[in-house]
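I'd like to go over a predicted model; first the sequence, then the structure.
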Amino acid sequence: MLQPYRLQGGIRSFTTRTTLLQKFLTPNELISKTKQQQLESQQFQSQLRQNQNSYSPKTLSSHATFPENHKRPIPLNVELLQYKPLRLPQTHGDEVATLSLKGYNEDDLIRMGEFALRAAYYLGIPMSKLTSLKTEKRLYTVIKSPFAQAKTKQNFHRITYNKQLVAYDANSEIVDLWLSYVNRYKLQTVDMNATVVAREGLNYNEELAKLEEFELPDAYEGLEDPVAQKVKELLQLDEFKRTL
């Protein structure tokens, strides 16, 4: 379930979470599954070598016309999907956001990470590579029968993959736009956790202390809800203003 942004000491974050349990495989099943994955990987790599495309991107012109029987060139942003995501060089190296990806399917994490990298490139945000973090492995043993005296047990293991992206040298509004766009089109099987770093001047506390009058927004004016009236009363307390 999506949770809203939380402001804690200059750091905002949002998180989503999903759960999944996989059945524990026997040694023979695990060996056969590993051999099958290796065979599929070799076949996939051989197909890539045979059908390798040369890098020659083309763009559509707004004024050029093409005959009906002529094949129209592919737009540049569509053709770049066949290659690895492009990344902009860092200007100052100031870290502005960190996007952590967590899930049980590594392919979905790579797919979501590349989607975030491509979106950041077109928004002008310098990004790091999609780095892999420590993989979490857990083993669950439960009673197979509903009876408490049953001796037969069943094992389940869960593997959680973690990856991370770091954004540099970008405006806070652009970072918020990038995170909202990535969160809107995220995969349901990927858990995302974003941390945004906010920087203030050294005299921030002094400027905040100079504020003699602090007016709260009139969001609770004209409401007859008792909860809203209580919230308005709490916001107008002197203790709350001093704490803020």
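The structure has been received and is ready for your questions.

just the element for the spatially most central residue of the chain, please.
The residue lying closest to the centre of the chain (C-alpha atoms, centre = their mean) is M192, at 4.1 Å. Using DSSP states H and E, M192 falls within strand 190-197.

which helices and strands does the next helix or strand along the chain from that strand pack with?
Toward the C-terminal end, the helix or strand that comes next after strand 190-197 (DSSP H and E) is helix 204-209. For helix 204-209, not one helix or strand is in contact under the criterion 3 or more C-beta pairs under 8 Å, 6 or more residues apart in numbering; DSSP states H and E. Heads up, the C-betas are built off the backbone N, CA and C, glycines and all.

so how far is helix 204-209 off the chain centroid?
34 Å (C-alpha atoms, centre = their mean, to the nearest Å).

and stretch 133-141, by the same measure?
21 Å.

contacts for it, please.
21, 24, 100, 153-164 (C-beta atoms under 8 Å, 6 or more residues apart in numbering).

from those, which shows the smallest pLDDT?
Scanning the contacts of stretch 133-141 for pLDDT, the low point is L21. It has 53.

now the angle from the strand ranked longest in the chain to strand 190-197?
In the chain, assigned by DSSP state E, the strand with the most residues is strand 153-168. Angle, strand 153-168 to strand 190-197, by axes from the mean of the first three to the mean of the last three C-alpha atoms, to 10 degrees: 40 degrees.

which parts of strand 153-168 are buried?
161-168 (16 or more other C-beta atoms under 10 Å).

what do you get for stretch 178-197?
Here stretch 178-197 shows 178-179, 181-182, 186-187, 190-196 as buried, counting by 16+ other C-beta under 10 Å.

quick check: the farthest pair among the residues you listed?
L187 and V196 (21.4 Å; C-beta to C-beta).

tell me the mean pLDDT for the longest helix along the chain?
Determined from DSSP state H, the single longest helix within the chain is helix 27-50. Averaging the model's pLDDT scores along helix 27-50 yields 84.

centre of the chain versus that helix, how much separation?
Using C-alpha atoms, centre = their mean, the offset of helix 27-50 from its chain centre is 29 Å.

what about dumping the CA coordinates of that helix to CSV?
This file holds the C-alpha atoms of helix 27-50, laid out as CSV (Å, rounded to 0.1, in the frame of the first residue of the first chain):
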residue,chain,number,x,y,z
PRO,A,27,18.1,-30.7,-4.4
ASN,A,28,17.2,-32.6,-7.6
GLU,A,29,14.6,-30.0,-8.5
LEU,A,30,17.1,-27.2,-7.8
ILE,A,31,19.8,-28.8,-10.0
SER,A,32,17.4,-29.3,-12.9
LYS,A,33,16.1,-25.8,-12.6
THR,A,34,19.6,-24.4,-12.6
LYS,A,35,20.6,-26.4,-15.7
GLN,A,36,17.5,-25.2,-17.4
GLN,A,37,18.3,-21.6,-16.6
GLN,A,38,21.8,-22.0,-17.9
LEU,A,39,20.6,-23.5,-21.1
GLU,A,40,18.1,-20.7,-21.7
SER,A,41,20.8,-18.1,-20.9
GLN,A,42,23.2,-19.6,-23.5
GLN,A,43,20.4,-19.7,-26.1
PHE,A,44,19.5,-16.1,-25.4
GLN,A,45,23.1,-14.9,-25.7
SER,A,46,23.6,-16.8,-29.0
GLN,A,47,20.5,-15.2,-30.4
LEU,A,48,21.8,-11.8,-29.3
ARG,A,49,25.1,-12.3,-31.2
GLN,A,50,23.3,-13.4,-34.3
